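In: predicted model and sequence below, questions to follow.
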Amino acid sequence: MEANIDLVLIAEYFEESLILLADLLNLSLDDIRFVRLYERFRESTKRDNLSTTSLQKLQEILKADFRIYDHFRQLLERKISAYGIERMEQEKISLQEANRKIREICIAGEIEVKKSSW
């Protein structure tokens with residue numbers, strides 16, 4: 001399945017995924033830094049409180065989706081391991097610091113974000 005796919009980014013491993021993408025594309029951390037929008041809203045609407053029964057039903061209904069997700073999650077975990085756990089942790093700290101700095105700049109209004117044409 002992954003013969004034509006070099007990397008699949010997974011939300012639960014978002015920072016790790018971005019770091020691997022940056023490594024793959026020879027990008028700097030400044031190229032992949034980000035500001036999370038609606039962070040407080042997301043925290044209040046987490047859906048990780050499904051009952052065991054509900055989760056089992058979902059897994060049955062979405063069996064193919066779960067198999068694909070599990071396959072690429074395991075592949076991503078192997079890529080993280082090959083990258084180096086300690087190296088990844090250091091890069092995550094650096095990315096989080098870059099994100100903190102850009103968030104402060106954005107909140108302070110020091111940069112103008114142009115409206116997307118989308």
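Out: Here it is on my side, so go on. Numbering: from 1, shown residues only.
In: all helices for this protein, in order.
Out: 14-25, 29-32, 39-44, 52-61, 63-83, 85-108 (DSSP state H).
In: would you turn those helices into JSON lines with mean pLDDT?
Out: Putting those into JSON lines (pLDDT from 0 to 100) gives the following:
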{"stretch": "helix 14-25", "mean pLDDT": "96"}
{"stretch": "helix 29-32", "mean pLDDT": "91"}
{"stretch": "helix 39-44", "mean pLDDT": "54"}
{"stretch": "helix 52-61", "mean pLDDT": "92"}
{"stretch": "helix 63-83", "mean pLDDT": "96"}
{"stretch": "helix 85-108", "mean pLDDT": "91"}
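In: so which of those helices is nearest residue 8?
Out: Residue 8 lies closest, by CB to CB, to one member of those: helix 63-83, at 4.3 Å. The C-beta positions use only the backbone N, C-alpha and C, and glycine is treated the same way.
In: re earlier: what's the most buried one of the helices of the chain?
Out: Per residue and on average, the most neighbours among the helices of the chain fall to helix 14-25, with a mean of 17 (mean count of other CB atoms under 10 Å).
In: if I look at the residue most central in space within the chain, how far off is residue 102?
Out: The centre of the chain sits closest to residue 14, judged by CA atoms, centre = their mean, with a distance of 1.1 Å. From residue 14 across to residue 102, the span is 16 Å (CB to CB, to the nearest Å).
In: then residue 7?
Out: Distance of residue 7 to residue 102, given as CB to CB: 23 Å.
In: likewise for residue 50?
Out: 34 Å.
In: now stretch 87-106: how far from the chain's centre is it?
Out: Here stretch 87-106 is found 13 Å from its chain centre; the criterion is CA atoms, centre = their mean, to the nearest Å.
In: sorry, wrong one. I was asking about stretch 74-88.
Out: 14 Å.
In: before we move on, what about stretch 14-33?
Out: 10 Å.
In: go on, stretch 62-69?
Out: Distance, centroid of stretch 62-69 to centroid of chain: 19 Å (CA atoms, centre = their mean).
In: grab the nearest non-local neighbour of residue 73.
Out: Leaving out its chain neighbours, the residue that sits closest to residue 73 by CB to CB, 6 or more residues apart in numbering is residue 10, at 5.8 Å.
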